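Novice: With the input below, show me the fold.
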Amino acid sequence: MSANASGNGRLAVVAFGGNALITDNDHSAIPDQFHNVEAMAPHVVDMIEDGWRVLVTHGNGPQVGFILRRSELAMAEVAPVPMDYAVADTQGAIGYMFNKALTNELRRRGLARPVATVVTQTLVDAADPAFVNPTKPVGAFMDEGSARRAAAELGWTVAEDAGRGWRRIVASPRPRAIVELDTIRSLLDTGVLVVACGGGGIPVTTNGQGELAGIAAVIDKDLASELLARQLRADALIIPTGVEKVAIGFGTPQQQWLDRLTVSQAVAYAESGQFGEGSMRPKVEALVGFVTANPAGAGVITDAANLGRALRRETGTWIEADDRPAL
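Specialist: Just a heads-up that it's a prediction; the model follows:
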């Protein structure tokens, strides 16, 4: 398939993290974030040139935090931004960054490929146990008195966060469905390079009449990307990280980089504590979920600079079904 052809090639979903846009606290401004997106764009376009259809998803944790902090600072003058609207705001802003950077890179290479961002809603269950026990801290740190006033005046759930201060706590329910799935599929089928499901999607619930309503929550980006990739029957789900491959015994003399894992091997390593709880393990588990539901597909972990090489099996760690022969 040429880079100018319609959408009939292999489909890869690439799930960038929100922290990938911010290298450190001194480079968190919007121009800095766009610079980092510009650095990612050539690697995505490399995939296009190799014949892949591409769907980009992204995280938004730091960016939602910035919006909520601005809202908190301005609370005396303007109404605060609800959580679902904060997620929507980041989808538009980060989507704009990807649209601009990818369009410019495609133009530099003389490739005719439209780029579009889809503001995406993700359906969650209002009865999800996560709403009974919110665990995800968002927004700024506060002293206890300020936190309790916010809880009383705004209806927030607040809690102390690892001894560093008090923060607002929201639920992180499991994603159940991607509302704009058919729209995303139609765009991909006509050859559009799509950016969607930013921040795991805008969390919404539905009533008995099918009406949607936003809800204060955050959705795990990797789980939502896995759900979207599974429903689209993608050929590959890729989660870029800060390392080229996954390792066992990481940081020890026994460290071993892995080229390929079967689902059973990945599960066994995860359960034995080989992957960091807040870092690599959730990524591996999302890819295991994708491959388990879609055995013809593959999960890939690598760094952004090696996306193209990883899909050519020159690097990266591939996670595949147990009965799929190694290449």
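Novice: what's the distance between the nearest residue to Thr23 once chain neighbours are set aside and Ile94?
Specialist: Residue nearest to Thr23 in three dimensions, not counting chain neighbours: Asn36, with 6.6 Å by CB to CB, 6 or more residues apart in numbering. Yep, even glycine has a C-beta here, placed from its N, CA and C like the rest. According to CB to CB, to the nearest Å, Asn36 and Ile94 sit 11 Å apart.
Novice: picking up where we left off before, make sure the residue nearest to Thr23 is indeed in a helix.
Specialist: Yes. Looking at Asn36 with DSSP: H, G, I helix; E, B strand; the rest coil, it is inside a helix.
Novice: Contact partners for it?
Specialist: Ala20, Leu21, Ile22, Thr23 (CB atoms under 8 Å, 6 or more residues apart in numbering).
Novice: got it, and Leu11?
Specialist: With CB under 8 Å, 6+ apart, Leu11 has these contacts: Trp52, Arg53, Val54, Leu55, Leu188, Leu232, Arg233, Ala234, Asp235, Ala236.
Novice: Now for the last one, how many residues are close by?
Specialist: Same thing as Ala236. For Ala236, the count of nearby residues is 22 (other CB atoms under 10 Å).
Novice: For the nearest residue to it once chain neighbours are set aside, give the beta-bridge partners.
Specialist: Excluding its sequence neighbours, the residue lying closest to Ala236 (CB to CB, 6+ apart) is Ala12, at 4.5 Å. Note on Ala12: beta-bridge partners Val54, Ala236, judged by DSSP bridges.
Novice: pLDDT value on Ala12, please?
Specialist: At Ala12, the predicted lDDT confidence score is 96.
Novice: Over to Pro325?
Specialist: 67.
Novice: for Val179, same thing?
Specialist: At Val179, pLDDT is 97.
Novice: swap in Gly9?
Specialist: Looking at Gly9, the pLDDT reads 83.
Novice: count of residues packed around it?
Specialist: 18.
Novice: what's the overlap in contacts for Asn36 and Ile94?
Specialist: Leu21.
Novice: one step back: okay, the contacts of Leu11 in JSON lines with pLDDT and distance to Ile215 next?
Specialist: Shown next, in JSON lines, are the contacts of Leu11 (pLDDT from 0 to 100; distance: CB to CB, whole Å):
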{"residue": "Trp52", "pLDDT": "95", "distance to Ile215": "35"}
{"residue": "Arg53", "pLDDT": "95", "distance to Ile215": "32"}
{"residue": "Val54", "pLDDT": "96", "distance to Ile215": "30"}
{"residue": "Leu55", "pLDDT": "98", "distance to Ile215": "25"}
{"residue": "Leu188", "pLDDT": "97", "distance to Ile215": "28"}
{"residue": "Leu232", "pLDDT": "96", "distance to Ile215": "25"}
{"residue": "Arg233", "pLDDT": "95", "distance to Ile215": "29"}
{"residue": "Ala234", "pLDDT": "97", "distance to Ile215": "27"}
{"residue": "Asp235", "pLDDT": "96", "distance to Ile215": "33"}
{"residue": "Ala236", "pLDDT": "96", "distance to Ile215": "31"}
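Novice: which of these lies closest to Ala101?
Specialist: Val54 (13.4 Å; CB to CB).
Novice: one step back: looking at the contacts of Leu11, which one is closest to Ala151?
Specialist: Leu55 (38.8 Å).
Novice: Verify the stated contact: that closest one with Gln231.
Specialist: No. Using CB atoms under 8 Å, Leu55 is not in contact with Gln231, being 11.3 Å away.
Novice: So which of the two has more stuff around it?
Specialist: Taking other CB under 10 Å, Leu55 and Gln231 do not tie; Leu55 has more neighbours (27 against 16).
Novice: Take the contacts of Asn36 and keep only those in strands.
Specialist: Assignment to strands by DSSP state E places none of the contacts of Asn36 there.
Novice: Which of those ranks first by neighbour count?
Specialist: Leu21 (25 neighbours).
Novice: so who does that one touch?
Specialist: Gln33, Asn36, Val37, His58, Pro62, Gln63, Ile94, Met97.
Novice: Mind picking the lowest-pLDDT entry from those?
Specialist: Pro62 (84).
Novice: the helices in the stretch 201-327 of the chain, which residues?
Specialist: Along the stretch 201-327 of the chain, counting by DSSP state H, counting those that start in this stretch, helices occupy 221-231, 263-271, 280-293, 307-311.
Novice: low pLDDT regions in the stretch 1-150 of the chain?
Specialist: Scanning the stretch 1-150 of the chain for pLDDT under 70 picks out 1-8.
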